[in-house]
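**Student:** okay, structure incoming, though there's no sequence with it:
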């Protein structure tokens, strides 16, 4: 039939879609995807995409820590600190682990340490995008 | 362990990771994902080089 997702994609008339996952999976996928970067894609058997997202986001977060980047806390007081926290918390388990182990004080002894802070924030923000993508796959909006 | 990277190395690493995520999440087909990832990488690194030259001219 001409109205299947594959044929619509082949004809170029509509955006590509896939088969929606179960309702439970549509909730689990974003949650797991937030907690472990790329895991949402891995659950949906998008192995290469999930692996690349996992490596990219985790590497970015770890490099940010190694560059002595600063990890923001929820009660920073300043509005910019709160925005930094929103970015950092996107990294899920990495953020929780870094808080538990008291990482990310950010000594700022060299100029590129500030880049480390940006790496940490952007790793979290990229994970938010990754979670949204996994959700779109789960609901069948994207293949 | 402290990692001391140059500004350019930091920017290239940032571009690599961000481009991978953008490519995967913003396009559907494999070919489009690779092309968009490479496009993003070129824009990131190109932007860094252009911004560097602009700052060099401003400093003179």
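**Tutor:** Done, it's in. A quick note: this is a predicted structure, and the numbers were derived from the prediction, not measured.
**Student:** and chain B, which residues reach chain A?
**Tutor:** Within reach of chain A by Cβ under 8 Å from any Cβ of the partner chain, chain B has these residues: B:1-7, B:10, B:13-14, B:16-18, B:20-22, B:24-25, B:28-29. C-beta coordinates here come from the backbone N, C-alpha and C atoms, glycine included.
**Student:** which ones among those are found in helices?
**Tutor:** Mapping those onto helices (DSSP state H) picks out B:7, B:10, B:13, B:14, B:16, B:17, B:18, B:20, B:21, B:22, B:24, B:25.
**Student:** what about the fifth one, how many neighbours?
**Tutor:** Spelled out, that is residue B:16. By other Cβ atoms under 10 Å in any protein chain shown, 17 other residues sit near residue B:16.
**Student:** same question, the fourth one
**Tutor:** By the other Cβ under 10 Å criterion, the neighbourhood of residue B:14 contains 21 residues.
**Student:** OK, contacts around it?
**Tutor:** Shown in contact with residue B:14 (Cβ atoms under 8 Å, 6 or more residues apart in numbering or on different chains): A:60, A:115, A:118, A:119, A:122, B:44.
**Student:** same question for the fifth one.
**Tutor:** In this structure, residue B:16 makes contact with A:56, B:41, judged by Cβ under 8 Å, 6+ apart.
**Student:** just the pLDDT for it.
**Tutor:** Per-residue pLDDT puts residue B:16 at 97.
**Student:** could you do the third one as well?
**Tutor:** Residue B:13 carries a pLDDT value of 96.
**Student:** ditto for residue B:2
**Tutor:** What the model reports for residue B:2 is a pLDDT of 81.
**Student:** next one: the one 4 residues further on
**Tutor:** Residue B:6 is assigned a predicted lDDT (pLDDT) of 90.
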